[in-house]
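**Q** Sharing a model that was predicted from the sequence below.
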Amino acid sequence: MFRLNRLTDYAVVVMAQMAGGGCAVRTAPQIAEDTGVPLPTVAKVLNALARDGLIVSQRGAAGGYRLGAPPERITVAAIIQALEGPIALTACVDGQSGHCESEALCPMRGNWDRVNNAIRGALEGVTLEDMMSGLFFALPEERPDPRLRAQGAR
């Protein structure tokens, strides 16, 4: 089974909570309290996200963390890569070699790249803003007309 680890799931929860507060600077204890994620886990997630620039830390009396970009510019793929590294379904994707004893004879060599690229593309097509929207995964007839949203109507 292909499954993201729990820290990656928590990273999306933490970032969605931060995005819900706009540009506000939030402390790790505030985020832990608001999300229900334990403080040590929040701290670990924040460190990983800050390393990749997805969030920015501010020092000082009014210090804390804020998003490094607007939610519509942060992709799920970027969050996954910050916590888990490159998106790779098998050891031989993206031109990698030397990780499989059967690689010279493997009839699937190169074919996994197509699958991996499709999954990566799908994850790059979903933003943090999309994840915050309850309507993102709704059936098409349940989604509001985007022209109405652009005009300010609901």
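**A** Happy to help now that I have it.
**Q** Work out the gap between stretch 118-125 and the centre of the chain.
**A** 11 Å (CA atoms, centre = their mean, to the nearest Å).
**Q** Sort out which residues of that stretch are buried, please.
**A** 119, 120, 123 (16 or more other CB atoms under 10 Å). Using the backbone N, CA and C atoms, a C-beta is placed for each residue, glycine as well.
**Q** which residues touch the last one?
**A** By CB atoms under 8 Å, 6 or more residues apart in numbering, the residues touching residue 123 are 75, 76, 77, 80, 87.
**Q** Can you check my assumption that residue 66 lies in a strand?
**A** Yes: counting by DSSP: H, G, I helix; E, B strand; the rest coil, residue 66 is part of a strand.
**Q** Make 865 the starting number, not 1.
**A** All set: I'll call the first residue 865, so the last point we hit is now residue 930.
**Q** separation between it and residue 984?
**A** 27 Å (CB to CB, to the nearest Å).
**Q** repeat for residue 935
**A** According to CB to CB, residue 935 and residue 984 sit 20 Å apart.
**Q** same thing with residue 905?
**A** In this view, residue 905 and residue 984 are 26 Å apart by CB to CB.
**Q** secondary structure element for residue 906?
**A** Per DSSP states H and E: residue 906 is located in helix 903-915.
**Q** Same question for that helix: list its buried residues.
**A** Neighbour-count burial for helix 903-915 flags 905, 906, 908, 909, 910, 912, 913 (criterion: 16+ other CB under 10 Å).
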